[in-house]
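Undergrad: From the sequence below, what's the structure:
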Amino acid sequence: MSLLDIWPILGIGVRAPAVELFVPGQDALEALARLAADGIYDPQNQYLPRTPVGGWEDVASPEAERRFLRYYWAAFADWRPERWNLLLAARVESNIVGVQEIGAQHFAVTRTVSTGSWVGRRFQGAGYAKAMREAVLYLAFDGLGAERADTAAWITNHASLAVSRAMGYQDNGTTTRAAEGKRVEQVNLTLQRSNWRPQGGCTISGITPDVSEMLGIPRMPAG
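TA: You can find the predicted model right below:
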């Protein structure tokens, strides 16, 4: 029995015209860790709180890489059908450019996913974040049968908010957070399946019955 047989989530992937999303192996994971440590924030932007999900932005190498890896591995360690978070590497041609996440709680009931992403600083401004979002939405709606996708961004993250709204997301209130010792507003957005505009040319791999079980997707009755 192979590792893929034991942990079939490793086989999930999405190929889109502009980007490929996949569960990283050892080499890709190393590249991601180094990309994360190189930074994901523009140092000239004083209005964007430095609070990436893994909390590695404020330390030097190799601790930055280690924090990213702990965050990545913790998602698998805490995996259960009722609550999961999948981190996918994003590749454009031969370059690993960032991470696209998709997660859910009680997906079998809610049919709702949440997404988040980051792009390495040297790859920003090329439209990769939008391509990654389009690919992960295809996975959510076409592959998993989701009815709703949620996301969020700081109120000062105009680029992320613009991408979401251009793709049909609707504002869904705000949440007050603490970041770097300051009060910051987070804008919540949601996209209903009926408002989703699917991108052509996408293919999904790895959604097997065993994967569906790990994601909390009920199997259809035989016959």
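
Undergrad: Next, the residue most central in space within the chain: secondary structure please.
TA: For the chain, the residue nearest the mean C-alpha position is Glu101 (1.6 Å; Cα atoms, centre = their mean). When classified by DSSP: H, G, I helix; E, B strand; the rest coil, Glu101 comes out as strand.

Undergrad: which residues does it contact?
TA: By Cβ atoms under 8 Å, 6 or more residues apart in numbering, the residues touching Glu101 are Val53, Asn85, Leu86, Leu87, Leu88, Thr115, Gly116, Ser117. C-beta here means a position set from N, CA and C on the backbone, and glycine is covered the same way.

Undergrad: Per-residue pLDDT of it, please?
TA: Note for Glu101: predicted pLDDT of 94.

Undergrad: again with Val184
TA: Reading off the model, Val184 has pLDDT 85.

Undergrad: Equivalent analysis for Trp154, please.
TA: With respect to pLDDT, Trp154 has a value of 86.

Undergrad: Tell me where this structure has strands.
TA: 13-15, 20-22, 83-92, 95-105, 112-119, 148-154, 170-179, 182-192, 203-205 (DSSP state E).

Undergrad: Tell me how far the third one lies from the chain's centre.
TA: Spelled out, that is strand 83-92. Computed by Cα atoms, centre = their mean, to the nearest Å, the chain-centroid distance of strand 83-92 equals 5 Å.

Undergrad: Which strands or helices does it pack on?
TA: Here strand 83-92 touches strand 20-22, helix 26-38, helix 63-77, strand 95-105, helix 128-138, going by 3 or more Cβ pairs under 8 Å, 6 or more residues apart in numbering; DSSP states H and E.

Undergrad: Could you rerun that using 10 Å?
TA: strand 13-15, strand 20-22, helix 26-38, helix 63-77, strand 95-105, strand 112-119, helix 128-138 (3 or more Cβ pairs under 10 Å, 6 or more residues apart in numbering; DSSP states H and E).

Undergrad: Which one, of these, ends up nearest to Asp171?
TA: Smallest distance to Asp171 across the helices and strands packed on strand 83-92 (Cβ to Cβ): 15.5 Å, for strand 112-119.

Undergrad: and the closest one with helix 128-138, angle?
TA: Orientation check (axes from the mean of the first three to the mean of the last three Cα atoms, to 10 degrees): strand 112-119 against helix 128-138 gives 160 degrees.

Undergrad: helices and strands around strand 112-119, which ones?
TA: Contact partners of strand 112-119 among helices and strands, from 3+ Cβ pairs under 10 Å, 6+ apart: helix 26-38, strand 83-92, strand 95-105, helix 128-138, strand 148-154, helix 158-166, strand 182-192.

Undergrad: can you tell me which of those comes nearest to Asp210?
TA: Asp210 lies closest, by Cβ to Cβ, to one member of the helices and strands packed on strand 112-119: strand 83-92, at 13.9 Å.

Undergrad: With that, I have no additional questions.
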